[in-house]
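Enquirer: the following block contains a protein sequence and its predicted model.
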There are 2 protein chains.
Amino acid sequence: MEEKTNVEEIQEEKKPEKIEEKEPTNIINFKDFGKVEMVVAMILEVEKVENADRLLKLEVDTGEDKRTLVAGVADYYSTEDLKGRKIIIVKNLKPAKIRGVHSRGMILAASGPDGRPYIPIIPEDTPIGAKLK
Amino acid sequence: MEEKTNVEEIQEEKKPEKIEEKEPTNIINFKDFGKVEMVVAMILEVEKVENADRLLKLEVDTGEDKRTLVAGVADYYSTEDLKGRKIIIVKNLKPAKIRGVHSRGMILAASGPDGRPYIPIIPEDTPIGAKLK
């Protein structure tokens, strides 16, 4: 996280020298990062998606609205694991219809080498709708 | 608008109504999202940044390299809170020099209305370097 009060003191480096060998080729700037809107949301309801064993349909409160999204985590998380839990969602992702469910946004999870999802735990006192940055 | 009772019709009609007013104008697609590389990293060392009370200098293991980044969380997190902890970092953000420290990447945290940071807790068994998606 960048220091908020001293923005003018943050200077982008012209020449990253020592780093070059490991530097990813697809460097982004803050503007690129800012395009992705991530917020803390609360899971209100969880249901299995019919005929899709790995999918769960989540009703979430984003702090601004309530919406539905589909998450492919049912192999690792039960409905009980998730209901009432705070999560991070990518809020402004283009809506998609997944197995007939209109999904608006995506749960953010770490993905292991085997594809197993690890959903970050949000500290209990984090306000719903708090932006990730 | 007339009330629908057929479930399928309700599902079809759902998107325009509730959502329209709240729909973000800056919708992104998966490609946009994919430009932001976020991974689970382990904090190896934490130091205060000289003459910057709110800043901490973190040495982290990204699974691919070890690197330094600066985080403006010292008002809320101590060095002891953070050392040995797993975090999410934005890995491919353009490097910046912050108070003389070469910072490569950014810790991802939720930010409350008062600017207070809430750092997500990564499940202990999450592999270092796991990608967030």
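Expert: Arrived safely, thanks for sending. Only a predicted model underlies this, so the values are computations on that prediction, with no experimental measurement involved. Numbering: from 1, shown residues only, chains lettered A, B, ... in the order given.
Enquirer: any stretches of chain A with poor pLDDT?
Expert: A:1-24 (pLDDT under 70).
Enquirer: residue contacts, the residue most central in space within chain A?
Expert: Nearest residue to the geometric centre of chain A (C-alpha atoms, centre = their mean): A:Leu108, 2.8 Å. Going by C-beta atoms under 8 Å, 6 or more residues apart in numbering or on different chains, A:Leu108 touches A:38, A:87-90, A:120, B:38, B:132-133. Every C-beta, even on glycine, is put in place using the N, C-alpha and C of the backbone.
Enquirer: quick one: which of those residues is nearest A:Gly63?
Expert: The nearest member of those to A:Gly63, counting by C-beta to C-beta, is A:Ile89 at 10.5 Å.
Enquirer: and after the helix or strand hosting the closest one, which helix or strand comes next?
Expert: Using DSSP states H and E, A:Ile89 maps to strand A:86-90. Counting by DSSP H and E, the next helix or strand C-terminal to strand A:86-90 is strand A:96-98.
Enquirer: buried ones in that next one, by neighbour count?
Expert: Of all the residues in strand A:96-98, those buried under the rule 16 or more other C-beta atoms under 10 Å in any protein chain shown are A:Ile98.
Enquirer: mind listing what that strand pairs with, with the direction of each?
Expert: Each strand paired with strand A:96-98, and its direction, by DSSP bridges: strand A:101-103 (antiparallel).
Enquirer: what about the longest strand in chain A?
Expert: The residue-count maximum for a strand in chain A (DSSP state E) belongs to strand A:38-49.
Enquirer: quick check: angle from it to strand A:86-90?
Expert: Orientation of strand A:38-49 against strand A:86-90 (axes from the mean of the first three to the mean of the last three C-alpha atoms, to 10 degrees) gives an angle of 100 degrees.
Enquirer: just how off-centre is strand A:38-49 within its chain?
Expert: Here strand A:38-49 shows a centroid-to-chain-centroid distance of 11 Å under the convention C-alpha atoms, centre = their mean, to the nearest Å.
Enquirer: before we move on, what about stretch A:77-86?
Expert: 16 Å.
Enquirer: same thing with stretch A:48-62?
Expert: Worked out by C-alpha atoms, centre = their mean, stretch A:48-62 lies 16 Å from the chain centre.
Enquirer: name the residues of it that come out as buried.
Expert: Buried-residue list, stretch A:48-62, by 16+ other C-beta under 10 Å: A:49, A:52, A:55-62.
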